[in-house]
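Chemist: predicted coordinates and the sequence they were generated for:
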Amino acid sequence: MTTDSTAPALPPTVTSRTTPAGLEVLTVANAHGTAEVYLQGAHVTAWTPAGEDPVLWLSSASAFEPGVPVRGGIPICFPWFGARDGHPEAPAHGYARRTVWTLVGAHDDHETTVLRLALAAPADPALADLSGLDALYEVRVGRTLDVALTVTSTRDVPVRFEEAQHTYLRVLDVEATAVHGLEEVAYLDKTAAAGTDPHRTPEGAPLVPSGQVDRVYLGTSGPVQVVDAARTVRVTKSSSQSTVVWSPGAEVAAGMRDMGPGEWREMVCVESANVGEHAVVLEPGRPHTLGSSYEVLPRV
Ligand SMILES: O=P(O)(O)OC[C@H]1O[C@@H](O)[C@H](O)[C@@H](O)[C@@H]1O
């Protein structure tokens, strides 16, 4: 862990270590379960509520190296999602998931452990239109896992940005998993052939992913429930107008270096987001917080 004298003291529920590659990791263990958070990307890589199987999926082939995003857990996409408009050379999903955040707070709030990490706006001329966006991320590990990304602008003009909590949920078999809560929501199909209209009308039924699924559901703020043969995981969100669902399918996954053979079946991404037409336009002095809460529901 950092020996920086300004680093906050850790409560007894939190321990820290540095990996051989030099990445700092915080491990939380409290009455309600365990979690792991890398300072790079403020990346929650694991959450296991007491008595449950892990809720977050993590690739066995993920790189854990400086500057390389982890495949799994909860990557933070910020301040753009996917490719950056007008900047094809920019890394996908923004700089937040590749950058080391600073731990600015750690404490126990009754039986919940709270970590706070900060990312100052980078002073990069290539990011001039996105400058002045400071980010604070709060991770609460309790009976539920709650994450909240607060963005504050130091600019005196509105700034448009995109964001997502790109959560990989662990499932037994994605093609035998039902995603509830988006039945009545129109979406953009990112797998649509180039030059064709990607807009799709609501399907009227829960989504059971088959093959490659890459959808941006539009204008939806409601919860999503992911139901597989073993359990139901509910994702509840706040200040989010888009939900992204992604499953790479066999073919795309086979071309990904950081996904183990066949592992694509064991995950589905349900992403609380504000992207595209729902990007945030942040006014000076008006912080914006994107929140997600994850919970395992009791079987009925
Ligand atoms: O490989 P990355 O950059 O982590 O992105 C994974 C996926 O993330 C999803 O959110 C996108 O909708 C997909 O298009 C993308 O392929």
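Modeler: Sure, I can see it. All of these numbers come straight from a predicted model, not from anything done at the bench.
Chemist: buried sites along stretch 171-181?
Modeler: Val171, Val174, Glu175, Thr177, Val179, Gly181 (16 or more other CB atoms under 10 Å). (C-beta placed from N, C-alpha, C; glycine too.)
Chemist: which of those residues fall in strands?
Modeler: The strands, defined by DSSP state E, take in Val179 from those.
Chemist: quick one: which two of the buried residues of stretch 171-181 are the most distant?
Modeler: Glu175 and Gly181 (18.7 Å; CB to CB).
Chemist: in the stretch 201-300 of the chain, what spans have low per-residue confidence?
Modeler: 300 (pLDDT under 70).
Chemist: in it, which residue sits nearest the ligand?
Modeler: Trp246 (4.1 Å; CB to the nearest ligand atom).
Chemist: the one helix or strand that residue maps to - contacts with which helices or strands?
Modeler: In this structure, Trp246 sits in strand 242-247 according to DSSP states H and E. Helices and strands touching strand 242-247, by 3 or more CB pairs under 8 Å, 6 or more residues apart in numbering; DSSP states H and E, are strand 163-170, strand 213-218, strand 267-274.
Chemist: any chance of the ones you listed in JSON lines, plus distance to the ligand?
Modeler: Formatted as JSON lines, the helices and strands packed on strand 242-247 follow (distance: least, CB to the nearest ligand atom, whole Å):
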{"stretch": "strand 163-170", "distance to the ligand": "5"}
{"stretch": "strand 213-218", "distance to the ligand": "5"}
{"stretch": "strand 267-274", "distance to the ligand": "6"}
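Chemist: interface residues of this structure facing the ligand?
Modeler: Gly82, Ala92, His93, His166, Lys190, Asp214, Val244, Trp246, Glu271 (CB under 6 Å from any ligand atom).
Chemist: okay, and the beta partners of the closest residue to the last one other than its chain neighbours?
Modeler: Among residues not flanking Glu271 along the chain, Val244 sits closest, at 3.8 Å (CB to CB, 6 or more residues apart in numbering). In this structure, Val244 bridges to Val216, Glu271 when assessed by DSSP bridges.
Chemist: verify the stated contact: Val244 with Leu218.
Modeler: No - the pair Val244 / Leu218 is not scored as a contact, 10.5 Å apart, by CB atoms under 8 Å.
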